[in-house]
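Visitor: model the structure of this input:
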Amino acid sequence: MLNPFELNKTRELTFSPEHPDDAERAMVLLGGLPDLSVEQASPCVLRVSYNLHNYTLEGIEAALTEEGFHLDHSLLHSVGRKVIYYCEDTTCHNMDIPVHPTKMNQQAVFSTAYEHQHQSDNTNIPSEVRDFK
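Guide: You can find the predicted model right below:
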């Protein structure tokens with residue numbers, strides 16, 4: 001089961017320095033979205049906070065790109081984005097998986113299975129050690 005606090009994310013959106021007004025315009029646009037908070041960290045960087053039930057970084061950035069905003073596509077930012085996209089996508093898929101009942105009581109399940117396991121007399125352990133209690 002996922003910890004609900006792991007679903008709250010704070011990420012930075014870095015815009016291209018060649019388009020200095022993009023960050024301010026994006027802040028106005030993103031500020032109108034429900035359940036998403038945005039603040040300006042620097043002239044070209046916005047810090048967004050959201051919950052994975054509502055948004056993902058990939059979705060936010062895709063929507064901004066579709067609206068004509070220019071993100072920073074340097075190697076460092078591109079690789080970092082791809083890692084975050086993958087992690088958030090995996091977390092979202094894991095939210096859809098139902099919790100298996102044995103995950104809550106693993107020790108009881110495996111100790112019960114061990115108790116019912118057939119104990120064979122065909123072992124190499126001497127009988128005096130096997131019967132020692």
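Visitor: what comes up buried for the longest helix seen in the chain?
Guide: Looking only at the chain and at elements set by DSSP state H, the helix with the highest residue count is helix 75-95. Judged by neighbour count using 16 or more other CB atoms under 10 Å, the buried positions of helix 75-95 are 81, 84-85, 88. For every residue, glycine as well, the C-beta is placed using N, CA and C.
Visitor: tilt between the host helix or strand of residue 59 and helix 75-95?
Guide: Assigning secondary structure by DSSP states H and E places residue 59 in helix 57-66. With axes from the mean of the first three to the mean of the last three CA atoms, to 10 degrees as the criterion, the two stretches helix 57-66 and helix 75-95 enclose an angle of 130 degrees.
Visitor: elements contacting helix 57-66?
Guide: Using 3 or more CB pairs under 8 Å, 6 or more residues apart in numbering; DSSP states H and E as the contact criterion, the elements in contact with helix 57-66 are strand 8-14, helix 22-31, helix 75-95.
Visitor: please produce CSV containing these, extended by mean pLDDT and distance to residue 60.
Guide: Rendered in CSV, the data for those read as follows (pLDDT from 0 to 100; distance: least, CB to CB, whole Å):
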stretch, mean pLDDT, distance to residue 60
strand 8-14, 95, 7
helix 22-31, 93, 7
helix 75-95, 93, 10
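Visitor: to residue 64, which of those lies closest?
Guide: Put simply, out of the helices and strands packed on helix 57-66 the one that sits nearest residue 64 is helix 22-31, at 5.8 Å, with distance taken as CB to CB.
Visitor: for the closest one, buried residues please.
Guide: Going by 16+ other CB under 10 Å, helix 22-31 has these buried residues: 22-23, 26-27, 30.
Visitor: that helix - contacts with which helices or strands?
Guide: Contact analysis of helix 22-31 by 3+ CB pairs under 8 Å, 6+ apart lists strand 36-42, strand 45-51, helix 57-66 as its packing neighbours.
Visitor: all set now, cheers.
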